[in-house]
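S.K.: pasting the structure only:
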């Protein structure tokens, strides 16, 4: 009955050739003797009754031998052309479905879990899965349905995706193991009902990122990402955008010197007052003292960095009133690194470890200043793409500033505006002789994915005495009136 022998590398001590080994269909790891016999899995047992090795015979006669004492493998015969373990036990198309597993014992386990009725085979390994199934395409394709039951780890799921791509989408089903790593674990833990439920409820295998099932759509509706979590402090912008939502990228653009940072500051203060969320701030052109003075200034309604009468204690008291609790406002101060990935890591840390739900980046263009033109575009494309993915993954709202070029486009990379959900352009007449006009910034909504309203978005006035931003209902003379389009809910 034996098809492999007592090689010296199979036991801890096999120097004595007189050992009377037996080769048995031994019940092991939850598998019955009948299942072992079905797949011709022989176990080598020493005279003391210890199982020392196990052999898995492939259809071409090659054998994979597992040393049960050292947990090592070696092979006999041509394993390069072995491909599917168990193929010779089931006729092509002999049943409606075939299940493909990642390992030999998993194939035997699935067969037993499914009532010892249905065809189950395994590839040699996760790394060879696609090659093995491609070589046996005609055999596998003869079945109406193909169930992929690979290990739940990353190599197993990657292998499942590679195999799925070989066949018609309509016939491939994904058995997604969640409670245990592989099928044999389900068998050993007496989780037959859980496995059967998972197998019978397997859905068609879809490439990552494709959604089709009703249950997945329901979960999306439950996420409620369309629900606003905060408001804008300026009525016109709030009306046209329907508020701020997690998972969105909000982009403000302007020429240099227009006052983007001050508008950011007004929004930051508003969110600190109107929400209880943690907030992260990265102002790359502003020091920490100026930033915190700006926060305090809104609370005290004065230019705190100019006011010689304010004491540190008064400023700190005002700051505590703004933030309401400790460790709520997180300000980035490391300006020494010119590595964009350091900023990306800091944003991820703010959103993840610090649980910041609103993060401000002023400004993205600063991250690549000094690089060559070609490198600048490439780096900005990379950074903006990474940021968009991070916002979606970690579900926070990102507010970002970018400089404009002479054509009104985002400087360095058009991808910055492409990944944004809301794009607001800031326009101000810096050379006007009228101080009211000179300190009024018009908002132009260039892109508005959620609410679809574009065009004039209001006029904001900067008070140089208080350093505060407020909305002007009546724009100064010489500026076109602020339009309030009919917004449909």
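M.R.: Cool, got the structure. The structure presented is a predicted model; accordingly, all values stated were derived computationally and were not measured.
S.K.: okay, strands next: where are they in the stretch 101-250 of the chain?
M.R.: Here the stretch 101-250 of the chain has its strands, by DSSP state E, counting those that start in this stretch, at 120-122, 145-149, 172-174, 203-204, 249-254.
S.K.: any regions of this structure where pLDDT drops low?
M.R.: 1-19, 207-213, 216, 220-221, 223-225, 334-338, 368-374, 408, 411-412, 473-489 (pLDDT under 70).
S.K.: which one's the longest helix in it?
M.R.: Criterion DSSP state H: the longest helix present in the chain is helix 373-394.
S.K.: packing partners of the following helix or strand past it?
M.R.: Next helix or strand after helix 373-394 toward the C-terminus (DSSP states H and E): strand 397-403. Under the contact criterion of 3 or more C-beta pairs under 8 Å, 6 or more residues apart in numbering; DSSP states H and E, strand 397-403 touches strand 249-254, helix 260-274, strand 356-362, helix 373-394, helix 415-418. Where you see a C-beta, it was placed from the backbone N, CA and C, and this is true even at glycine.
S.K.: who does the third one pair up with?
M.R.: Looking at strand 356-362 with DSSP bridges, its paired strands and their directions are strand 278-283 (parallel), strand 397-403 (parallel).
S.K.: give me the contacts around the last one.
M.R.: Going back to what we said before, that points to strand 397-403. Strand 397-403 is contacted from outside by 229-230, 244-256, 260-261, 264, 267, 347, 357-365, 387, 390-391, 410-411, 416-417, 420, using C-beta atoms under 8 Å, 6 or more residues apart in numbering.
S.K.: the nearest residue to residue 291 once chain neighbours are set aside bridge partners, please.
M.R.: The shortest distance from residue 291 to any non-neighbouring residue, by C-beta to C-beta, 6 or more residues apart in numbering, is to residue 283 (5.6 Å). Beta-bridge partners for residue 283, by DSSP bridges, are residue 362.
S.K.: measure residue 283 to residue 265 for me?
M.R.: Separation of residue 283 from residue 265 (C-beta to C-beta, to the nearest Å): 9 Å.
S.K.: ok, now how distant is residue 265 from residue 344?
M.R.: Residue 265 is 23 Å from residue 344, where distance means C-beta to C-beta.
S.K.: so for those two, which sits in the more crowded spot?
M.R.: Under the criterion of other C-beta atoms under 10 Å, the comparison of residue 265 against residue 344 puts residue 265 first, with 24 against 16.
S.K.: isn't the more buried one right next to residue 469, touching?
M.R.: Yes - with contact defined as C-beta atoms under 8 Å, residue 265 and residue 469 form a contacting pair (7.5 Å).
S.K.: if I look at these two, which residues touch both of them?
M.R.: When contacts are counted by C-beta under 8 Å, 6+ apart, residue 265 and residue 469 have no shared neighbour.
S.K.: out of the helices and strands packed on strand 397-403, the one nearest residue 92 is which?
M.R.: Closest to residue 92 of the helices and strands packed on strand 397-403 is helix 373-394 (C-beta to C-beta; 43.2 Å).
S.K.: what's the angle from that closest one to strand 356-362?
M.R.: 170 degrees (axes from the mean of the first three to the mean of the last three C-alpha atoms, to 10 degrees).
S.K.: check which residues of helix 373-394 are buried.
M.R.: Neighbour-count burial for helix 373-394, counted by 16 or more other C-beta atoms under 10 Å, picks out 376-377, 379-384, 386-388, 390-391, 394.
S.K.: just to revisit the earlier point, count the residues that sit near the residue nearest to residue 291.
M.R.: The number of residues packed near residue 283 is 23, by other C-beta under 10 Å.
S.K.: that one and residue 362 touch, don't they?
M.R.: Yes - using C-beta under 8 Å, residue 283 makes contact with residue 362 at a distance of 4.7 Å.
S.K.: no further queries at this time; thank you.
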